[in-house]
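Undergrad: A predicted structure for the sequence below; I have some questions about it.
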Amino acid sequence: MSQQGRVTAVLGPTNTGKTHYAIERMLAHRTGVIGLPLRLLAREVYDRIVALRGPSVVALVTGEERIIPPRTQYWVCTVEAMPVGMGADFLAVDEIQLCADPERGHVFTERLLNARGLHETLFLGSDTMKGAIAALVPRAQFMRRERFSELTYAGSKKISRMPPRSAIVGFSVDNVYAIAELIRRQKGGCAVVMGALSPRTRNAQVAMYQNGEVDYLVATDAIGMGLNLDINHVAFSGLRKFDGRRMRELAPNELAQIAGRAGRHMRAGSFGVTGEAPPLDEGVVDAITNHRFTPLKKLNWRNERLEFGTVDRLIQSLEAGTDDEWLMRAREADDLRALRHLAESPDIRLRLSGAPDVRLLWDVCRIPDFRGISAAEHAGLLERIFGFLRDGGRVPDDWMARQIKRIDRTDGDIDALSKRLAYIRTWTYVAQRTGWVGDESHWRDATRAVEDRLSDALHGALTKRFVDRRTSVLLRRLKQKEGLVADVNDKGEVTVEGEFVGRLEGFRFRQDASNSPDEAKTLRQASLTALRPEFHLRADRFYNAPDTEIDFTEQGGLMWGEHAVGKLITGPEVLKPQVEAFVDDEAGSDVAEKVKRRLQHFIDRKVATLFEPLLAISRDEALTGLARGFAFRMVEGLGILPRDQVAGEVKELDQDARGALRKHGIRFGQFTIFMPLLLKPAPTRLRLLLWSLANGLDEFPESPPPGLVTIPVVDVPEGYYTLSGYRRAGQRAIRIDMLERLADLLRAQDSRGGFEANPDMLSITGMTLEQFADLMQGLGYNAEKGERAKVKAVVADAATDDQASPAEAEVEAEAAPVADETPADGAEAEAAEAEAEVFYTFTWAPRRQPNAGKPRGERPQGQGQGRGKPRGDRPQGKGKGKGGKPQQQGAKSYQARPPRKEKPIDPDNPFAAALMGFRDKK
């Protein structure tokens with residue numbers, strides 16, 4: 001054993017500054033090496049030394065990472081990766097008590113026995129190592145360091161009552177994830193630290209905890225290995241762990257190593273249990289708080305003097321025992337297990353032609369099983385790598401590229417990303433070995449880049465799953481009693497302290513989805529506290545907003561832009577609806593009252609504007625007697641009254657009364673008494689809404705699309721068509737103003753002798769002949785269907801045509817031959833059938849009652865009266881159109897060629913001659 005320089009064992013509990021002391025001592029020398037138990041801790045120490053001396057003189061060497069500047073003076077390594085025999089002035093090994101670890105203890109023991117600095121050597125660790133070091137390193141000096149702060153036992157606490165700045169420790173991945181999920185729901189989130197995380201992921205998680213984004217840390221026992229965190233309390237969620245072979249109880253010194261992370265420098269710390277972990281025994285508590293543990297009597301050891309003559313001799317040398325009472329042969333490690341497996345392969349033995357091949361095989365077997373797969377599968381991978389190195393001298397670039405490409409994906413959940421990170425560590429390790437790949441610099445950069453991408457993705461996935469940043473930030477601000485700053489963008493998205501918390505829809509806060517009632521309650525409380533000033537600002541803007549920014553829906557909703565801010569409710573009168581404002585209670589009564597007042601102003605002005613003629617007639621004191629009574633009927637009917645409902649009242653009105661009413665825009669139609677201005681789309685939409693409110697309808701029917709003359713009849717509440725400005729007739733309803741225009745045309749027809757529809761009638765209704773027939777039946781007419789031969793017009797020679805009279809043209813059309821040859825009888829019949837046309841003859845049939853059973857307001861006026869065709873407000877006898885002959889002549893010429901444009905007859909009217917005859921009679 002080498003005994004160069006001074007050897008000092010710096011022993012004591014956690015939080016004694018041992019690692020800090022070692023760094024100071026190393027930097028006091030020109031060169032130095034420090035070995036640390038975890039890649040995570042090595043990275044932390046590396047960053048600290050780089051901050052002090054710069055990156056150009058500090059190296060970082062782990063199994064998967066090599067940063068070696070040309071002028072390296074200080075080497076920060078994992079214990080396994082420490083360069084041996086390089087002759088550094090200073091050498092230190094941290095957590096030396098791991099000599100007793102079943103898995104890695106033989107590596108620490110080898111460093112204890114053989115690793116030395118030229119001038120100074122430090123072994124840092126627990127007091128339990130004092131006897132072993134004194135026996136194995138006789139010249140060692142001892143330095144005892146006391147804990148800076150007090151460590152006390154706090155007993156058992158529920159996770160929901162865990163104080164801030166706590167670390168909850170679990171001993172399996174599933175356990176850690178379950179605790180982290182519970183913390184997220186109850187406390188807003190936590191950071192997650194496990195030994196399997198890459199340094200980049202671990203640092204990102206720890207940074208969240210250290211800078212206060214989260215107040216809780218959930219970790220494995222990895223935090224017990226020297227990681228310096230700002231922890232006040234450590235809680236154990238269990239007291240048993242799986243050590244790779246079996247489940248076992250944690251020893252008091254192991255518990256102390258973890259519990260000792262509570263308290264930082266001079267600040268006191270506490271530890272306890274939580275979850276299903278039973279309370280600690282008094283003896284265990286006393287041992288932890290007073291730092292008294294059973295000294296280690298045996299250290300794990302493996303023969304370091306290996307023989308590479310054959311693979312069998314190598315295995316024998318690895319299995320060699322020791323007579324030293326302080327040492328015991330380590331149990332079979334993963335590298336020896338892999339070597340045994342490969343030694344049984346005939347292909348491997350054929351390739352082992354000498355000691356260099358055996359040494360190469362041993363180097364390959366020392367690739368850690370980062371993936372945690374079966375021993376056989378891991379050995380298969382090692383066999384493939386050994387084959388490449390033995391036969392080709394290096395791992396082929398294309399094969400290496402395929403392995404990396406398969407892993408280089410950042411999609412998937414936490415488990416998928418964690419597996420890929422474990423897989424890439426294998427190739428990172430291969431790339432770090434000198435001579436194993438072609439372009440070492442390229443592959444080291446490539447594997448590091450993939451690891452960084454996966455690390456960032458894993459950090460993001462852990463944060464997304466286990467941290468609710470919104471709740472965490474808001475809770476922290478509330479505890480600090482700071483004023484929370486809320487912001488609402490133009491999309492209504494609400495952020496509090498930069499965190500998205502939901503949307504403000506008008507004056508109601510719509511919280512973003514939360515995963516638990518507790519979380520939702522906390523988030524809403526914090527959000528509304530911050531939103532209170534915003535509610536007042538928004539209420540002021542709304543109160544001063546023009547009416548053009550506010551509207552009502554056909555279901556009675558009141559909108560400000562795209563957000564509902566209230567609804568209409570029934571008022572004392574139909575034209576005086578009231579409003580109900582949609583305002584969160586937390587906004588306050590002042591905001592609610594201001595919103596309600598503004599909405600009431602809006603709807604009052606809307607009613608006053610759209611129903612101005614109706615309100616004017618109700619206020620006209622010049623109307624007296626029957627005229628005033630009829631005006632109130634119009635107001636009750638919201639400007640539309642079916643004539644048959646008020647026939648008696650209309651009959652009693654004298655001409656002066658009617659004239660006074662007409663001055664207010666009332667039109668006395670044949671079917672309906674109405675105010676034309678109120679038939680426009682806007683008044684119609686509001687009229688239907690007010691009518692629906694007054695009648696207490698559960699669902700308000702929508703107003704018909706504007707511009708349609710007729711609409712199909714559907715199942716709607718009684719009175720809907722009248723209030724919509726339509727009258728039901730057959731399978732469709734016709735707009736009342738267009739119906740009156742149609743009535744004017746119908747009065748000119750012989751309704752007793754029968755008449756046919758002319759183009760004007762079809763044009764007014766926009767219907768086909770079949771639809772028009774159904775409409776006429778709905779209005780109380782009989783429609784008799786018939787067929788006849790269609791008369792075709794003939795295009796004559798232009799010169800002759802110019803001189804022909806209409807009568808001559810008709811004669812020529814009838815006399816014109818169809819073809820040069822006389823067709824056969826069958827063809828003749830076929831042609832006749834093809835030229836047949838359908839027509840309808842309409843007669844007034846008041847007793848047919850085609851709409852019997854319909855509500856009174858929806859039946860055609862005059863139906864069932866038995867006294868002839870209904871009439872409008874005109875002198876009797878005017879435009880009766882008696883004398884069936886002209887009407888019949890019109891019917892005969894219905895499909896005839898229209899008159900020429902130069903004639904003073906409507907060119908679109910096929911009843912030209914008949915209409916001219918009527919005009920002459922007048």
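TA: Thanks, I have it. Residues are numbered from 1 along each chain as shown.
Undergrad: from here on, contacts and neighbour counts on C-alpha atoms
TA: OK.
Undergrad: what about the longest strand in the protein?
TA: Longest strand of the chain, by residue count under DSSP state E: strand 563-573.
Undergrad: What residues sit buried inside that strand?
TA: Of the residues in strand 563-573, His563, Ala564, Val565, Gly566, Lys567, Leu568, Ile569, Thr570 count as buried by neighbour count, 16 or more other C-alpha atoms under 10 Å.
Undergrad: Repeat that for stretch 215-233.
TA: So for stretch 215-233, counting by 16+ other C-alpha under 10 Å, buried means 215-233.
Undergrad: Can you give me the first-to-last residue distance of it?
TA: With C-alpha to C-alpha, to the nearest Å as the measure, stretch 215-233 spans 11 Å from end to end.
Undergrad: Also stretch 704-721?
TA: End to end - C-alpha to C-alpha - stretch 704-721 spans 9 Å.
Undergrad: Just give me how far it sits from the chain centre.
TA: Relative to its parent chain, stretch 704-721 has a centroid offset of 40 Å by C-alpha atoms, centre = their mean, to the nearest Å.
Undergrad: Tell me which stretches of the stretch 551-700 of the chain form helices.
TA: Using DSSP state H, counting those that start in this stretch, the helices of the stretch 551-700 of the chain run over 589-610, 612-619, 625-636, 647-652, 655-662, 681-694.
Undergrad: do you know which of the ones you listed lies nearest Pro295?
TA: With C-alpha to C-alpha as the measure, helix 589-610 is the member of the helices of the stretch 551-700 of the chain nearest Pro295 (71.3 Å).
Undergrad: Could you list every helix and strand that that closest one packs against?
TA: Under the contact criterion of 3 or more C-alpha pairs under 8 Å, 6 or more residues apart in numbering; DSSP states H and E, helix 589-610 touches helix 517-543, strand 563-573, strand 576-581, helix 681-694.
Undergrad: mean confidence score for the longest one?
TA: Average pLDDT, helix 517-543: 80.
Undergrad: try the last one
TA: Mean per-residue pLDDT for helix 681-694: 93.
Undergrad: now the third one
TA: Average pLDDT, strand 576-581: 94.
Undergrad: Export that strand to PDB, keeping only CA atoms.
TA: C-alpha atoms of strand 576-581 as PDB (Å, rounded to 0.1, in the frame of the first residue of the first chain):
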ATOM      1  CA  LYS A 576     -90.600  46.900 -19.900                       C
ATOM      2  CA  PRO A 577     -88.400  43.900 -19.500                       C
ATOM      3  CA  GLN A 578     -85.900  43.700 -16.600                       C
ATOM      4  CA  VAL A 579     -82.300  42.500 -16.600                       C
ATOM      5  CA  GLU A 580     -80.200  40.100 -14.500                       C
ATOM      6  CA  ALA A 581     -76.500  40.700 -14.500                       C
END
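Undergrad: buried ones in that strand?
TA: For strand 576-581, by 16+ other C-alpha under 10 Å, it's Lys576, Pro577, Gln578, Val579, Glu580, Ala581.
Undergrad: what about that strand, distance to the chain center?
TA: Remark: strand 576-581 is offset 35 Å from the chain centroid, using C-alpha atoms, centre = their mean.
Undergrad: So, low pLDDT: which residues of the stretch 251-400 of the chain?
TA: Scanning the stretch 251-400 of the chain for pLDDT under 70 picks out the ranges 265.
Undergrad: As a check, name the ranges of all strands in it.
TA: 269-273, 299-301, 327-329 (DSSP state E, counting those that start in this stretch).
Undergrad: For Val57, which residues are in contact?
TA: By C-alpha atoms under 8 Å, 6 or more residues apart in numbering, the contact set of Val57 is Pro69, Pro70, Arg71, Thr72, Gln73, Tyr74.
Undergrad: which one of those is nearest Ala42?
TA: Tyr74 (12.4 Å).
Undergrad: and the closest one, what pLDDT?
TA: Reading off the model, Tyr74 has pLDDT 97.
Undergrad: Count the neighbours of it for me.
TA: Other residues within reach of Tyr74, judged by other C-alpha atoms under 10 Å, total 28.
Undergrad: would you turn the strands of the stretch 251-400 of the chain into CSV with distance to Gln777 and mean neighbour count?
TA: Putting the strands of the stretch 251-400 of the chain into CSV (distance: least, C-alpha to C-alpha, whole Å; neighbours: other C-alpha atoms under 10 Å) gives the following:
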stretch, distance to Gln777, mean neighbour count
strand 269-273, 89, 24
strand 299-301, 108, 24
strand 327-329, 110, 19
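Undergrad: Of these, which is nearest Ala81?
TA: strand 299-301 (17.6 Å).
Undergrad: Kindly spell out which helices and strands sit in contact with the closest one.
TA: Using 3+ C-alpha pairs under 8 Å, 6+ apart: strand 299-301 touches helix 105-114, strand 327-329.
Undergrad: do you know how far Lys613 is from Arg619?
TA: Careful, residue 613 is Pro and not Lys. Taken as C-alpha to C-alpha, the span from Pro613 to Arg619 is 10 Å.
Undergrad: circling back to that earlier point, what about the strands of the stretch 251-400 of the chain, which gets the closest to Val501?
TA: Here strand 269-273 is closest among the strands of the stretch 251-400 of the chain (C-alpha to C-alpha), at 34.1 Å.
Undergrad: circling back: which of the contacts of Val57 are buried?
TA: For the contacts of Val57, buried by 16+ other C-alpha under 10 Å: Thr72, Gln73, Tyr74.
Undergrad: need the contact list for the last one.
TA: Spelled out, it's Tyr74. Tyr74 neighbours (C-alpha under 8 Å, 6+ apart): Met26, Thr31, Gly32, Val33, Val57, Val58, Ala59.
Undergrad: how about low-confidence regions in this structure?
TA: 1-4, 226-227, 244, 265, 470-484, 514-520, 522-523, 792-834, 847-922.
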